[in-house]
Structure formats: C-alpha cells, structure tokens
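[1] Provided below for reference: sequence and predicted model.
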Amino acid sequence: MQQIASDIMRWQDATQDYDAAVGRRLDLNLAERRCIGALVAGPLPAGAIAAAIDLTPAAVTALVDRLEKRGLVARTRDMEDRRKVLVEPTAAALDIGERYYGSIAREGEALLSTFSEAELETIARFTAAAVGLQEDELARLRNAEPHDAQSGS
C-alpha cells in the first residue's frame, strides 16, 4: 500500500508539473487551462463552467473574454434555447489538446488495454473512490474555519 500511495503522489506531481509546463509554453493560467479542459466534453453555459472550475460567474465572464480574444473559445447560442449562450472550444483549442495531451491519452488507453475486465473494474472502483475522497476533503477544507498557518490552529 505504501508503494501505491507513493506512486499516486508522484503521478499527481508529474501531472501538475506537465500541466504547468503546458501553461507556461502557451501563456495560459490554471483557470484558463481548466476552462478549456471542461469544454472538451462539449459546449457549456458560463454558469456550468464556473461550477466546474470553482470560479464566480463574473470571473468566468472575464476568463471567457480573454480566451475568446485569443481565439480559443467561442460563444454560441444554444440551439434548443436561443436565449442561452454556450461557450465552446475552437479548433485552435482542440489542436492544443491534441498536441499536448493526445499522445498521453492514446498511450494511456494502450496501457489500460493490457488489463483484464476484472482488473479494469477494480481500477475504476479505486479511481472513483479516490476522486470522491479528494472531493470530500476539499469540501471539508473549504467549509472549515480559516486558521493562522503560523499558529497551526
């Protein structure tokens, strides 16, 4: 179990380091990268982006303005409800995703294909539980009283 815990911490660090390096190369901050990442699954209204990346609606509006100016997202009307505005990634944003994350996704799929169905079910059960644990701890931290880091209380 100690080896797994250590490997997970190294994986988290390696992922954060890679994402930060991509951000530096493309001059995209964390919120901008997270916004584009949230849109990979499809267009979203600004409110859904705000919830997904934990920003206020006003901050997301400014963020989308910046990304739109750079040609990485576009605002479109929802075809079902013309009053609703959706934000979607542009071809340029999708190209960035492919250029920097495509090979990781393909190699990850190839790696996962080496596992049996039973092993994949175990991995899926573990990853879902690990994400849930992390989200629960984050919620507790956000809801906790602020404390003085120097006093340790």
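    The structure has been received and is ready for your questions.

[2] so which strand or helix has the residue most central in space within the chain?
    For the chain, the residue whose C-alpha lies nearest the mean C-alpha position (Cα atoms, centre = their mean) is Arg34; its distance is 4.6 Å. Using DSSP states H and E, Arg34 sits in helix 30-39.

[3] moving C-terminal from that helix, which element do we reach first?
    Taking DSSP H and E, what comes next after helix 30-39 is strand 44-45.

[4] residues in contact with that following strand?
    Ala38, Ala52, Asp78, Lys84, Val85, Leu86, Val87, Glu88 (Cβ atoms under 8 Å, 6 or more residues apart in numbering). Bear in mind the C-beta positions are built from the backbone N, C-alpha and C, glycine included.

[5] any of the residues you listed buried? List them.
    Ala38, Ala52, Leu86, Val87 (16 or more other Cβ atoms under 10 Å).

[6] ok, the nearest residue to the second one once chain neighbours are set aside - contacts?
    To tie it back to what came earlier, the one meant is Ala52. Nearest residue to Ala52, sequence neighbours excluded (Cβ to Cβ, 6 or more residues apart in numbering): Ala38, at 4.4 Å. Under the criterion of Cβ under 8 Å, 6+ apart, the neighbours of Ala38 are Leu44, Ala48, Ile49, Ala52, Ile53.

[7] quick check: the closest residue to Gly97 other than its chain neighbours vs Pro89, distance?
    Take Gly97 and drop its neighbours on the chain: the residue closest to it by Cβ to Cβ, 6+ apart is Val40, 6.2 Å away. The gap separating Val40 from Pro89 is 7 Å, by Cβ to Cβ, to the nearest Å.
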